[in-house]
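Enquirer: Return a 3D structure for these sequence lines:
(one chain, ligands or ions: 1)
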Amino acid sequence: ALRAGIVGLPNVGKSTLFNAVSSSAKAQASNYRFCTIDPNVGLVDVPDTRLDQLSEIVKPNKVVPTQIEIVDIAGLVKGASRGEGLGNKFLGNIREVDAIIHVVRCFEDENVLREEGEINPVSDKEIIDIELQFKDLDSVDKKIQKTQKQARVGGDAQAKFELDVLERVKAWLEQGKNVRMMGLTKEEMVAIDDLFLLTVKPTMYVANVDEASMHTGNKYSDALKKVADEEGAELVVLNNSIEAQIAEMEDPDDKALFFEEYKMAEPGLNRLIRSAYKLLNLATYFTAGVQEVRAWTIGKGWKAPQAASVIHTDFEKGFIKAEVIAFDDRIKYGTEAACREAGRLRIEGKEYIVQDGDVMHFRFNV
Ligand code: GDP
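Expert: Next comes the predicted model:
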């Protein structure tokens, strides 16, 4: 599964959020399946209303959502890139995630220790950004030195191209900017692929607000939203403490009352997980049989055989063709037979690019 890592300064509510996700699943009336891989890593179901719609018409024995991995990356502090705290180790953990969920404190509470003075989400965000940029600068510098030698020795055109990209990335980072905002082309990205830069990773923000602001946001989350908008990044306003409380409730009636009292339609975590899924640039297709209705995760732009391989690796090699019904048609016509009659069941071959929401049935040789 793809991984999203939770980062942020100390005491902003990262663990509270991670625990909310994990105990939500442990509670009896659980919203998600969650399986703890190690204390800071968990697999969580991705809530998807399309799965509910499909189950309603197919009435299968089992419904299986798709999952993503959530990692709690604690320990990032100011100065981490210079080795403060266990900084370097934690920065290294970020390398292994596919996307970043950056939690920022947008609540006042004098009981919650804060070392950076007045609440200031924008500067908090920048502190983390700078640490990641420093770390990236380090990686880029090292590679520049190596590449310089290659470019000199053979007059190698590829090395020269790489060197040029690296120099520009370096200059960009030195201006305090994140590489994901640089608009690099595919070819340029290849030149830095092996560096696994931290500031390239897709990033979203969680504004952790107080209870009174959970529906409206507050001046802090508004300030952060402005910055997120400039980056074209998603921002989710949450009250992590409330989410943790909801997560621990076992009785569905208690939960319903609580939702009513707080005027919530669903746990805020659903929004978070959906946004994180979107951030990972994934698409979902479904299989729908009486045994099982299931969501499968693929990358955007994947062709049918590769999409089939997430069900079973043999499916890719033995792929013959796929029967495909668009999600809306499957719901509209109710049964597969009705879709076929209406000419809405397509037979697609190896070159078909699977669309988000497709309901698929694969034919393959074993
Ligand atoms: P982390 O260091 O970022 O993982 O932060 P924690 O999740 O451990 O939270 C630090 C402290 O802030 C704990 O005492 C939490 O109970 C408290 N906290 C977390 N979220 C909120 C919130 O939304 N509002 C308030 N007032 N306190 C919170």
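Enquirer: which regions of the stretch 51-200 of the chain lie under the pLDDT threshold?
Expert: Within the stretch 51-200 of the chain, the segments meeting pLDDT under 70 span 83-87, 154.
Enquirer: Tell me if stretch 240-254 is near the ligand.
Expert: Yes: using Cβ under 6 Å from any ligand atom, stretch 240-254 reaches the ligand at Asn240, Ser241. In this view, the C-beta of every residue, glycine as well, is placed from N, C-alpha and C.
Enquirer: Quick check: buried residues in that stretch?
Expert: Asn240, Ser241, Ile242, Glu243, Ala244, Ile246, Ala247, Met249 (16 or more other Cβ atoms under 10 Å).
Enquirer: do the same with stretch 194-202
Expert: Quick answer for stretch 194-202 (16+ other Cβ under 10 Å): Leu195, Leu197, Leu198, Thr199, Val200, Lys201, Pro202.
Enquirer: ok, Val227 - how many residues close by?
Expert: Per other Cβ atoms under 10 Å, the neighbour tally for Val227 reads 16.
Enquirer: do the same with Phe161
Expert: By other Cβ under 10 Å, 16 other residues sit near Phe161.
Enquirer: Equivalent analysis for Glu187, please.
Expert: Counted with other Cβ under 10 Å, Glu187 comes out at 9.
Enquirer: Leu91 too?
Expert: 23.
Enquirer: Check the gap between it and Leu197 for me.
Expert: Distance from Leu91 to Leu197, counting by Cβ to Cβ, to the nearest Å: 11 Å.
Enquirer: what does Glu56 give?
Expert: In terms of Cβ to Cβ, Glu56 sits 44 Å off from Leu197.
Enquirer: now do Asp48
Expert: From Asp48 to Leu197 the distance is 31 Å (Cβ to Cβ).
Enquirer: still on that earlier bit, looking at the buried residues of stretch 194-202, which is nearest Ala212?
Expert: Ranked by distance to Ala212 (Cβ to Cβ), the buried residues of stretch 194-202 are led by Pro202 at 30.9 Å.
Enquirer: shouldn't that closest one be in contact with Ile100?
Expert: Yes: Pro202 lies in contact with Ile100 (Cβ atoms under 8 Å); the separation is 7.2 Å.
Enquirer: Pro10: neighbour count?
Expert: 17.
Enquirer: scratch that, Gly13 is what I was asking about
Expert: Gly13: 25 neighbours (other Cβ under 10 Å).
Enquirer: The one 4 residues further on now?
Expert: Residues near Leu17, counting by other Cβ under 10 Å, number 27.
Enquirer: Surely it is in a strand?
Expert: No: counting by DSSP: H, G, I helix; E, B strand; the rest coil, Leu17 is not part of a strand but helix.
Enquirer: For it, give me its contacts.
Expert: Counting by Cβ atoms under 8 Å, 6 or more residues apart in numbering, Leu17 touches Ile6, Val103, Val206, Asn208, Leu238, Asn240, Glu243, Ala244, Leu272.
Enquirer: and Ala283, how many neighbours?
Expert: If we define neighbours as other Cβ under 10 Å, then Ala283 has 19 of them.
Enquirer: Please pull up the helix or strand immediately following the one helix or strand it maps to.
Expert: For Ala283, the enclosing helix or strand under DSSP states H and E is strand 282-288. Using DSSP H and E, the helix or strand that follows strand 282-288 in sequence is strand 292-299.
Enquirer: Could you give me the buried positions within that next one?
Expert: Val293, Arg294, Ala295, Trp296, Thr297, Ile298.
Enquirer: what do you get for stretch 320-333?
Expert: Lys321, Ala322, Glu323, Val324, Ile325, Ala326, Phe327, Asp329, Arg330, Ile331, Tyr333.
Enquirer: which residues are contacting that stretch?
Expert: By Cβ under 8 Å, 6+ apart, stretch 320-333 touches 50, 53-54, 57, 286, 288, 304, 308, 336, 339, 342, 344-349, 352, 354-355, 357-365.
Enquirer: Just to be sure, Gly117 is in a helix?
Expert: No: checked against three-state DSSP, Gly117 lies outside a helix; its state is coil.
Enquirer: for it, what are its contacts?
Expert: Per Cβ under 8 Å, 6+ apart, neighbours of Gly117: none.
Enquirer: and Glu351, which of the three is it?
Expert: coil.
Enquirer: In this structure it contacts Lys303, no?
Expert: Yes: using Cβ under 8 Å, Glu351 is in contact with Lys303, at 6.1 Å.
Enquirer: Those two: which is more packed in?
Expert: When Glu351 and Lys303 are compared for neighbours, Lys303 comes out ahead with 18 against 8, by other Cβ under 10 Å.
Enquirer: Against Lys350, how distant is that one?
Expert: 7 Å.
Enquirer: And Val290, by the same measure?
Expert: When Val290 is compared with Lys350 (using Cβ to Cβ), they lie 28 Å apart.
Enquirer: any idea where the strands of the chain begin and end?
Expert: 3-7, 34-38, 41-45, 62-64, 67-72, 99-106, 203-209, 235-238, 282-288, 292-299, 319-325, 346-348, 359-364 (DSSP state E).
Enquirer: Sort out which residues of the first one are buried, please.
Expert: Taking 16+ other Cβ under 10 Å as the basis for neighbour counts, the residues of strand 3-7 that come out buried are Arg3, Ala4, Gly5, Ile6, Val7.
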